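Peer 1: This is the structure alone, sequence omitted:
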Ligand SMILES: Cc1cc2nc3c(=O)[nH]c(=O)nc-3n(C[C@H](O)[C@H](O)[C@H](O)COP(=O)(O)O)c2cc1C
């Protein structure tokens, strides 16, 4: 059974790839992922926020405003370089031990660092770069136009500055999801990954404090991504990678039928182990064989919503007795 696919211009043996997470910060894990059949790995993101945190921890004796201003700058640069160098040496090792594509990932908040880091990823030998741009629009002063401008500015600059393929990983907070995703796909990038799952917030009612809810997804979290992949896959001018809630081979098949180019898995590997990738690939092949499909192209996008289709089940959000068997 042929499960080969092209993603971001790269040749993949399988459409099942491992999304960016703690497991992909370790080269031995990545080797195990390749052996279990991963088509590619997206390495754990470098977070500018983490690097700032490292700088603060290491420069607490030297305040930026004191007379040791120069030493602060020096130490800060040294800490940042060290943090990044550790990451890039891990990427270089991954590149030397893996044959599948290694995709780097970054999350920055300053415009300059998106650019600086992206260039360093290219130099480190990454096959492609996923920009982790999931923005939570919590500022009451932030408009949809502001978010759009941020995306445009970063993508336009990076597109001109690095030559490896670029994909954008987005969150699901867009008022104009279809328009935004289509416009992103027109900006000369090679792919969009939908969606990054937010770390959700919960409340401890005894201590009356905010806390993080579980950071792993659940199988029912697949539906939001599935809907949007089905609605958008025929309208995009770049690849679409489906992320969140993929746990089984059936889930992989669903995403491909909806039109995804690749399917990312993370929580499933945390909960059931890296070797689950084998079950996902075997299950995909078994299903293709049962259905008489020889390649992914035979069925990919078969259930995508066509641009003119206004009556698709994928567009229905409200419950109505008329459309359901439930009374
Ligand atoms: C422990 C953990 C760490 C993660 N770290 C990153 C990260 O560094 N960068 C990123 O883009 N996504 C990160 N994610 C999000 C995943 O890549 C993925 O988009 C999300 O977990 C939804 O997919 P899933 O349902 O397969 O887990 C992380 C997820 C988990 C659970």
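Peer 2: Structure received. Just so it is clear, the model here is predicted, and its values are computed rather than measured. Numbering: from 1, shown residues only.

Peer 1: Neighbours of the closest residue to residue 250 other than its chain neighbours, how many?
Peer 2: Spatial nearest neighbour of residue 250, chain neighbours left out: residue 283 (7.1 Å); criterion: Cβ to Cβ, 6 or more residues apart in numbering. For every residue, glycine as well, the C-beta is placed using N, CA and C. Residues lying near residue 283 (other Cβ atoms under 10 Å) number 17.

Peer 1: What residues of stretch 179-196 count as buried?
Peer 2: 180-182, 184-185, 189-196 (16 or more other Cβ atoms under 10 Å).

Peer 1: Just the ones of the residues you listed in strands?
Peer 2: 191-194 (DSSP state E).

Peer 1: quick one: which of the residues you listed is nearest residue 107?
Peer 2: Top of the list for closeness to residue 107, among those and by Cβ to Cβ, is residue 193 at 12.7 Å.

Peer 1: so the closest one touches residue 244, yeah?
Peer 2: No. Residue 193 is beyond contact range of residue 244, at 9.8 Å (criterion: Cβ atoms under 8 Å).

Peer 1: returning to what we had before: what's the farthest-apart pair in the buried residues of stretch 179-196?
Peer 2: Farthest pair in the buried residues of stretch 179-196 (Cβ to Cβ) is 182 and 196. Separation: 18.9 Å.

Peer 1: re earlier: distance to residue 292 and pLDDT for the ones in strands among the buried residues of stretch 179-196 - can I get that in CSV?
Peer 2: Output for those, formatted as CSV (distance: Cβ to Cβ, whole Å; pLDDT from 0 to 100):
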residue, distance to residue 292, pLDDT
191, 29, 98
192, 31, 98
193, 30, 98
194, 30, 97
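
Peer 1: ok, the residues you listed vs residue 155, which is closest?
Peer 2: Taking Cβ to Cβ as the measure, residue 155 lies nearest residue 192 of these, at 10.8 Å.

Peer 1: and the closest one, how far is that from the ligand?
Peer 2: 13 Å (Cβ to the nearest ligand atom, to the nearest Å).

Peer 1: chain center to the one helix or strand residue 280 maps to, what's the gap?
Peer 2: Residue 280 belongs to helix 276-291 when elements are defined using DSSP states H and E. Centre-to-centre, helix 276-291 and its host chain are 23 Å apart (Cα atoms, centre = their mean, to the nearest Å).

Peer 1: and what of stretch 279-293?
Peer 2: 25 Å.

Peer 1: Can you pull the residues of the stretch 51-200 of the chain lying near the ligand?
Peer 2: 105, 132, 169, 196-197 (Cβ under 6 Å from any ligand atom).
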